[in-house]
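Colleague: this is the structure alone, sequence omitted:
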């Protein structure tokens, strides 16, 4: 498995940064569930956006217990 942190990768594409951007957007909508397609549509024009960076960002959020999946929705979990 590739490393989550690469020293030659742009910091804006790092999983914690991408995860932060995703979580910030979802929380700004003030909804507990949001379609993954809506999130991708919002970020597809960003300079950092690629399928890999988005996937690793979501994986990072899932690993921290901040987000879950209910196909095709992303679910924001309470962080306690």
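Modeller: Sure, I can see it. In this text, all values refer to a predicted model and were calculated from it rather than measured experimentally.
Colleague: ok, residue 61 touching residue 67?
Modeller: Yes: using C-beta atoms under 8 Å, residue 61 is in contact with residue 67, at 4.0 Å. Backbone N, C-alpha and C define where each C-beta goes, glycine included.
Colleague: who touches both of these two?
Modeller: Residues within reach of residue 61 and of residue 67 at once, by C-beta atoms under 8 Å, 6 or more residues apart in numbering, are 22, 23.
Colleague: surely residue 21 is in a strand?
Modeller: No: remark: residue 21 does not belong to a strand; assigned using DSSP: H, G, I helix; E, B strand; the rest coil, it is helix.
Colleague: could you check the pLDDT of it?
Modeller: Here the pLDDT value assigned to residue 21 is 94.
Colleague: what's the answer for residue 37, then?
Modeller: We have a pLDDT of 94 for residue 37.
Colleague: repeat for residue 77
Modeller: Per-residue confidence (pLDDT) for residue 77: 89.
Colleague: so how far is residue 60 from it?
Modeller: 14 Å (C-beta to C-beta, to the nearest Å).
Colleague: more neighbours: which of these two?
Modeller: The neighbour comparison of residue 77 against residue 60 (other C-beta atoms under 10 Å) goes to residue 60, with 21 against 13.
Colleague: mind listing the strands for this protein?
Modeller: Counting by DSSP state E, the chain has strands at residues 33-35, 67-70, 73-76.
Colleague: quick one: which of those is nearest residue 50?
Modeller: Smallest distance to residue 50 across the strands of the chain (C-beta to C-beta): 18.0 Å, for strand 73-76.
Colleague: which elements pack onto the closest one?
Modeller: helix 15-28, strand 33-35, helix 36-43, strand 67-70 (3 or more C-beta pairs under 8 Å, 6 or more residues apart in numbering; DSSP states H and E).
Colleague: I'd like the distance between residue 32 and residue 48.
Modeller: Look at residue 32 and residue 48: by C-beta to C-beta, they are 25 Å apart.
Colleague: settle it for me: which of these two has more neighbours?
Modeller: The neighbour comparison of residue 32 against residue 48 (other C-beta under 10 Å) goes to residue 48, with 16 against 13.
Colleague: sweet, I'm off.
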